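quick one: sequence plus predicted model below, questions after.
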Amino acid sequence: MTTPQQVDRAPARSTSPPPPRSRFWTTRRRDQLAGYLMITPQLLGFVIFVFVPLILVVWYSMHEWNVLAGTFDFVGGDNYQRLRDDPNLPGVLRATGLFSVGLVILNLTLALLLAVLLNQRLRGTVVFRTLFFSPVVVSLVAWTIVWRFLLQDNGGINGLLDSIGVDGPNWLRSGGTAMLSVIVVQVFKNVGLNLVLFLAALQGVPRDLYEAATVDGASRWRQFWRITVPMISPTILLTSIITVVGSLQVFAQIAVLTQGGPGNSTTVLVYYLYQQAFQFHQFGYGATLSVLLFLIVLALTVVQWQMRKRWVFHER
Amino acid sequence: MRVRMIRRSLAVGLAGALGAAGLAACGGDSEETTGPISLRMTVWSANDDHLALFNAIADEYMADNPDVTEIAFDPLPFETYTTALTTQIAGGNPPDLAWIFESNAPDFVTSGALVPLDDALGDADGYEYDDLVPATTDLWRDEGTLYAYPFSTSPFGVFANLDLLDEAGQGAPAEMIAAGEWDWDTVIDASEAVGEQTGAAGMVIRDFDYTGWDYLSTQWTGWGAQAWSDDGSTCGFAQPEMVESMTFLHDAIFTRQAMPGPGTSADFFAGEAAYTVTQISRASLLDEDGFDWDLVPLPAGPAGEYAVIGQAGLGVLTQSENPQAATDFLAFMTNPENSAKLAQYFPPPRQSQLTADTLAQTNPLLSAEQLQDVVIDGISTGVVKPSNTSQAELNQIIRAELDDLWLPNADIPAVLDSVCEAIDPLLAG
């Protein structure tokens, strides 16, 4: 219901000139503010939980930090000099490289192969998809402990081999098989994740491309290389980046399965970092090793990102 | 620069992003607090009975000391205990009191991480400080000052599965001891026979598992071998005694299959092995309705009879916020009355309590004879498992070098030489 006062005011508003519009709060600025407000929580999280720790790690790497003695002395670049002269580092980097290359090749190949197979219209594919994905959601440590029992000299794998008359090796104690064992355990753990991503990408490839290629007489193999691979190349890029970064951060599997042995054959960079910082109490040098790890991950990611221009199909 | 400076450095780094409120949460003051005091002690046992006993002692202490309003026992996993403890310290969240493994004793005792205890324990009413057996406190002293109380001094013994031995036609250890034949040769002969006759494993050195090499001191001490000299500066792995003991062990594992090989597990307490070398506290793993068993001292080696002990120390951290109150509680927790209570799980370092009668009252699973032969005699004559400064690093290097020994065709002297070559720089440092 309209009151007399409101009626009185209405003509006054209509006769007065409109108030001057704020020159600052333009529509564009309002939109920008809304945008910034939206990304503030994420930005804040990034600063607190990523950027600050990153800076602190670099800061710690310039210190000699003896936890037990409670000393924290600035040593500048001494830890970086130690890194350069560390006689163990070449072996550690070699083990890290071996693990990463093995894992990436095996994981991506197997995931792609399984995805192609499970993309067929066959009975039971849902069961197989679930079967291959289920290890992804299992606890990593529990998964690794089970595999440790399976890979023992008198464990399940050698039991199976024995039943067909094959004398299996001592998987985790032999220099020739320990790294392979760690890689295989990790591949079976996470291949389901890449499989699902590849499967999604495969299902996005238009069927008419295959139909046209079939009409032109292209073989299945040629169709795979000329149609499938280019069409899913963005997913291949994504999975390769995720897998490379993940492979460089492997820890629990090494700690549970081999503790870096036999000898130092499975001592990868993250495990070495853990030993230096948390077992030998040399937190400064541990921080220096984590800076090295960060730089390696950064470099590999940049290289992969740059290489996309050459082989990722619809980024051109 | 002390811990307060570490916290200041942390504070500088975090200030821009977190602000003052965050800093307050991170920091702490190492000076004694004046209000109600909360104490926290890290332990590596989550056993309900152990914790119930600790809590009962703590309740009694708090009843007489109203300033202390809380004493919390914080169990950390045994396998990663020291790592978790040092991470807590590094993270600015040190406990007030902590158990410490014997292997880490030199690092903690010499670094200034622990509060000196002589005065507090010596001055405590009715404490009977002189009752502590000197041999049990050696490891926990630096230049004569005591930095941790050796609250558990537990000798290694041999548990034997009498049923398995009988099945394999082998005599019981007690008979061998009576006949003066209880030595490593006899044990390995019997172990080999058990393997052949029953398919079970023979001798298991528990917790060794081809990584925890320091548990092998329960064998090589019988040969007169040592990991390093008494002052910790000279490597002992390449010494003839060590070569001889390792050759014996290698032969027992790979030639005679009298011990489980690398990557093969056999749990004595599940009835899978004839013998195991371990500490008496593991008697709690024996099933009441299980096999017939005995606990006997370690077998003699070529160098004669010997004993090896494992220890745990209890210390107050200098980085504690309440070192005075924590020291006072430590004195209460380890006084004669409470030491007797703790003795049911942890062999005490007090001379007056090291009697078969006292220990038998609180160790119902073990006979007075077993306690006398294994525990009391072991504590009096035993050497402590190897420990040195930078023990964690030594552990890792030696483990890696010894991996070459656990191969059927190993060149034993060459591997042991390589161990010394690898650890000499650390021992010299």
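Now that the structure is in, tell me what you want to look at. None of these values were measured; they are calculated from a predicted model.

now do stretch A:267-279: everything it contacts.
Stretch A:267-279 is contacted from outside by A:88, A:91-93, A:95-96, A:99, A:248-251, A:254-255, A:260-261, A:282-283, A:285-287, A:289-290, A:292-293, A:296, B:82-83, B:86-87, B:392-393, B:396, using C-beta atoms under 8 Å, 6 or more residues apart in numbering or on different chains. In short, each C-beta sits where N, CA and C put it, glycine included.

narrow the residues you listed to those in helices?
The members of the contacts of stretch A:267-279 that map onto helices under DSSP state H are A:91-93, A:95-96, A:99, A:248, A:254-255, A:283, A:285-287, A:289-290, A:292-293, A:296, B:82-83, B:86-87, B:392-393, B:396.

buried stuff in stretch A:275-293?
Along stretch A:275-293, these residues count as buried under the neighbour rule (16 or more other C-beta atoms under 10 Å in any protein chain shown): A:275-293.

now the helices for the stretch 51-200 of chain A?
Taking DSSP state H, counting those that start in this stretch as the criterion, the stretch 51-200 of chain A carries its helices at A:52-60, A:78-85, A:89-118, A:125-137, A:140-151, A:156-163, A:178-203.

so what touches the fourth one?
By that I understand helix A:125-137. Outside helix A:125-137, the residues touching it (C-beta under 8 Å, 6+ apart) are A:114, A:118, A:143, A:188-193, A:195-196, A:199.

one more time with 10 Å
With contacts defined as C-beta atoms under 10 Å, 6 or more residues apart in numbering or on different chains, helix A:125-137 is touched by A:110-111, A:114-115, A:117-119, A:122, A:124, A:143, A:185, A:187-196, A:199.

tell me which residue of the stretch 151-300 of chain B lies closest to chain A.
Nearest residue of the stretch 151-300 of chain B to chain A: B:Gly263, at 3.6 Å (C-beta to the nearest C-beta).

doesn't that residue belong to a strand?
No. Looking at B:Gly263 with DSSP: H, G, I helix; E, B strand; the rest coil, it is coil, so not inside a strand.

doesn't A:Ile157 make contact with it?
No. Counting by C-beta atoms under 10 Å, B:Gly263 stays clear of A:Ile157, with 11.2 Å between them.

ok, back up a step: pLDDT wise, what is the residue of the stretch 151-300 of chain B closest to chain A at?
In this model, B:Gly263 is scored at 88, pLDDT.

can you report how many residues neighbour it?
21 (other C-beta atoms under 10 Å in any protein chain shown).

give me the phi and psi for the residue lying closest to it once chain neighbours are set aside.
Closest residue to B:Gly263 apart from its sequence neighbours, by C-beta to C-beta, 6 or more residues apart in numbering or on different chains: A:Asp153 at 3.6 Å. Main-chain torsions, A:Asp153, degrees, to the nearest 10: phi -60, psi -40.

ok, now which ones touch B:Glu421?
B:235, B:237-238, B:401.

quick check: it vs B:Asn395, distance?
17 Å (C-beta to C-beta, to the nearest Å).

circling back: pick the most buried one from the helices of the stretch 51-200 of chain A.
Among these, helix A:178-203 has the highest mean neighbour count (mean count of other C-beta atoms under 10 Å in any protein chain shown), at a mean of 21.

tell me what it is packed against?
helix A:89-118, helix A:125-137, helix A:140-151, helix A:233-248, helix A:252-257 (3 or more C-beta pairs under 10 Å, 6 or more residues apart in numbering or on different chains; DSSP states H and E).

strands along chain B, start to end?
B:37-43, B:68-75, B:97-101, B:141-142, B:145-146, B:149-161, B:201-205, B:273-279, B:293-296, B:308-316, B:383-384 (DSSP state E).

put together TSV for the ones you listed, with mean neighbour count and mean pLDDT on each row.
Shown next, in TSV, are the strands of chain B (neighbours: other C-beta atoms under 10 Å in any protein chain shown; pLDDT from 0 to 100):
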stretch	mean neighbour count	mean pLDDT
strand B:37-43	21	96
strand B:68-75	16	96
strand B:97-101	25	95
strand B:141-142	16	94
strand B:145-146	18	96
strand B:149-161	25	92
strand B:201-205	26	97
strand B:273-279	25	95
strand B:293-296	20	93
strand B:308-316	26	94
strand B:383-384	16	89
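
which residues of the stretch 201-316 of chain A lie near chain B?
Taking C-beta under 10 Å from any C-beta of the partner chain as the measure of proximity, the stretch 201-316 of chain A contacts chain B at A:255, A:258-265, A:267, A:274-283.

contacts only, for the residue of the stretch 151-300 of chain A found nearest chain B.
Closest to chain B within the stretch 151-300 of chain A is A:Asp153: 3.6 Å, counting by C-beta to the nearest C-beta. By C-beta under 10 Å, 6+ apart, the residues touching A:Asp153 are A:168-174, B:260-265.

likewise for B:Met62?
Residues counted as contacts of B:Met62 (C-beta under 10 Å, 6+ apart) are B:37, B:39, B:68-71, B:329.

buried residues, stretch B:342-359. List them.
Buried residues in stretch B:342-359 (16+ other C-beta under 10 Å): B:342-351, B:353-354, B:356, B:358-359.

next: stretch A:160-177.
Quick answer for stretch A:160-177 (16+ other C-beta under 10 Å): A:168-174, A:177.

what's the answer for stretch B:198-218, then?
B:198, B:200-208, B:210-211, B:213-218.

just the ones of these in helices?
Using DSSP H, the subset of those located in helices is B:198, B:217-218.

poorly predicted segments of the chain, please.
You didn't say which chain, so I picked chain A. Within chain A, the stretches with pLDDT under 70 are A:1-21, A:314-316.

not quite, go with chain B.
Chain B contains residues with pLDDT under 70 at B:1-34, B:361-363.

contact partners for the nearest residue to A:Leu161 once chain neighbours are set aside?
Spatial nearest neighbour of A:Leu161, chain neighbours left out: A:Gly168 (4.0 Å); criterion: C-beta to C-beta, 6+ apart. By C-beta under 10 Å, 6+ apart, the contact set of A:Gly168 is A:151, A:153-155, A:157-162, A:177.

B:Glu244 now?
B:220, B:223-225, B:301-303, B:412.

how about B:Gly313?
Counting by C-beta under 10 Å, 6+ apart, B:Gly313 makes contact with B:98-102, B:104-105, B:108-109, B:114, B:117, B:136-137, B:139-140, B:146-153, B:349.

if we use 7 Å, what do you get?
By C-beta atoms under 7 Å, 6 or more residues apart in numbering or on different chains, B:Gly313 lies in contact with B:100, B:105, B:140, B:148-150.

separation between the closest residue to it other than its chain neighbours and B:Thr80?
Using C-beta to C-beta, 6+ apart and skipping residues adjacent in sequence, the residue nearest B:Gly313 is B:Ala148, 3.2 Å away. Plainly put, B:Ala148 is 20 Å away from B:Thr80 if you go by C-beta to C-beta.
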